[in-house]
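>>> turn this into a model:
(chains A, B, C and D)
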2 protein chains.
Amino acid sequence: MQPSAPPRTYTISELAQELEISTRTIRFYEEKGLISPRRSPGNQRQYSRRDRARLKLILRGKRFGYSLEQIAEMIGMAEVDLDEAEQIRRSLAYGQEKLQEINQRIEELRLLEQDILAVRQRLFDRLAQLEGRNPTNPKEHRP
Amino acid sequence: MQPSAPPRTYTISELAQELEISTRTIRFYEEKGLISPRRSPGNQRQYSRRDRARLKLILRGKRFGYSLEQIAEMIGMAEVDLDEAEQIRRSLAYGQEKLQEINQRIEELRLLEQDILAVRQRLFDRLAQLEGRNPTNPKEHRP
DNA sequence: CTTCCAGTTGACGTCAACGTAAATTATGCC
DNA sequence: GGCATAATTTACGTTGACGTCAACTGGAAG
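Here you go, the predicted structure:
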């Protein structure tokens, strides 16, 4: 048999470029305990596919207004002073909540859509009014 | 005919309480040009139903990670130095983009859901492993 | 009119989430 | 080895989004 296939790794700048964030940001996430990549013999960070997926999750969470702290909880990094099994149970429960939140958020997006549609409607009406009043001259106002 | 019905107004603290934000926050949004409530003879802010709806929109936008600046654009307060019609056209175009963004975001929420489900799956497996391995544990499964 | 609470305008403080700069070390390539 | 890139740590700076405090004013209840 062959030795296990070489798991593809990424450098920090590769990921930074692909995900369109700075290396500083990635290191910052590590400071906050959101990721913990392996290190090379020369102490350089080596990111696995899993690390990459996690970064994507973080960014996705951010785009929805979650704070890094909330994201950390979501991933299950909190409550480190519990025994592992209990820690996992808590994380599972937390994740359950988050899943429900997501469905609520989808509903909210629909509401946001309605809001924007309402604003558009008003703008549209106002525009028709403006243009309807001055069929020939786009700028003239009352003398 | 009756004189126009008295349009219901709100004080700043009423809104703050209802929307669960501070009065400071509301005034801050005004500083940033996001709302411009009328003033009473005594110079106190009077919020209309429209103002209230706008605040809700702002908060909703925030929950999805939009910055106040982006929200301002969304509402159509930018580019004040254009003539009104052109300004409205821009705002309409911008709104169109936002509507598309919203659909993308709904898709993204589905992805986020998948991410979390994946994390959960791993945690779940790990938990089963832990409990399966520990014979003193009440939840023993092995024969 | 006084009292008292709600509201107003500054001005300064704070905290999260990075940016930036400097000094040092690794890695890839000739 | 020698050189140019790229990475690492440390430290300080910045920006957005408010919080907090102070000094003042408005309004209505007694």
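
>>> drop to CA atoms for contacts and neighbour counts, all remaining ones
Fine.

>>> next one: stretch A:11-19 to chain centre, how far?
Per Cα atoms, centre = their mean, to the nearest Å, the displacement of stretch A:11-19 from the mean C-alpha position of its chain is 16 Å.

>>> hmm, that stretch touching DNA strand C?
No - against DNA strand C, stretch A:11-19 shows no contacts by Cα under 7 Å from any atom of the strand, the least distance being 9.9 Å.

>>> how about that stretch, does it get close to DNA strand D?
Yes - on the criterion Cα under 7 Å from any atom of the strand, stretch A:11-19 is in touch with DNA strand D at A:11-14.

>>> nearest residue to A:D115 other than its sequence neighbours?
B:L57 (6.8 Å; Cα to Cα, 6 or more residues apart in numbering or on different chains).

>>> which residues of chain A lie near DNA strand D?
So far as Cα under 7 Å from any atom of the strand goes, chain A lies against DNA strand D at A:11-14, A:43-45.

>>> A:K98 is in contact with A:E73, isn't it?
No - using Cα atoms under 8 Å, A:K98 is not in contact with A:E73, being 10.0 Å away.

>>> ok, and what's touching stretch A:44-56?
A:7-12, A:15, A:19, A:35-40 (Cα atoms under 8 Å, 6 or more residues apart in numbering or on different chains).

>>> hmm, 10 Å instead?
Contacts of stretch A:44-56 with the rest of the structure, by Cα atoms under 10 Å, 6 or more residues apart in numbering or on different chains, involve A:7-12, A:14-16, A:18-19, A:26-27, A:29, A:34-40, A:57-62, A:75, B:112, B:115, B:119.

>>> could the C-alpha coordinates of that stretch be exported in CSV?
Extracted in CSV, the C-alpha atoms of stretch A:44-56 (Å, rounded to 0.1, in the frame of the first residue of the first chain):
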residue,chain,number,x,y,z
GLN,A,44,5.2,28.6,9.9
ARG,A,45,1.4,28.0,9.8
GLN,A,46,0.1,25.2,7.7
TYR,A,47,-3.6,25.3,7.1
SER,A,48,-5.5,22.1,6.3
ARG,A,49,-8.6,21.8,4.2
ARG,A,50,-10.5,21.7,7.5
ASP,A,51,-8.9,25.0,8.6
ARG,A,52,-9.9,26.5,5.3
ALA,A,53,-13.5,25.3,5.7
ARG,A,54,-13.5,26.8,9.2
LEU,A,55,-12.3,30.1,7.9
LYS,A,56,-15.1,30.1,5.4
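
>>> name the element the spatially most central residue of chain A belongs to?
Residue closest to the mean C-alpha point of chain A, counted by Cα atoms, centre = their mean, is A:R60 at 2.0 Å. Assigning secondary structure by DSSP states H and E places A:R60 in helix A:49-63.
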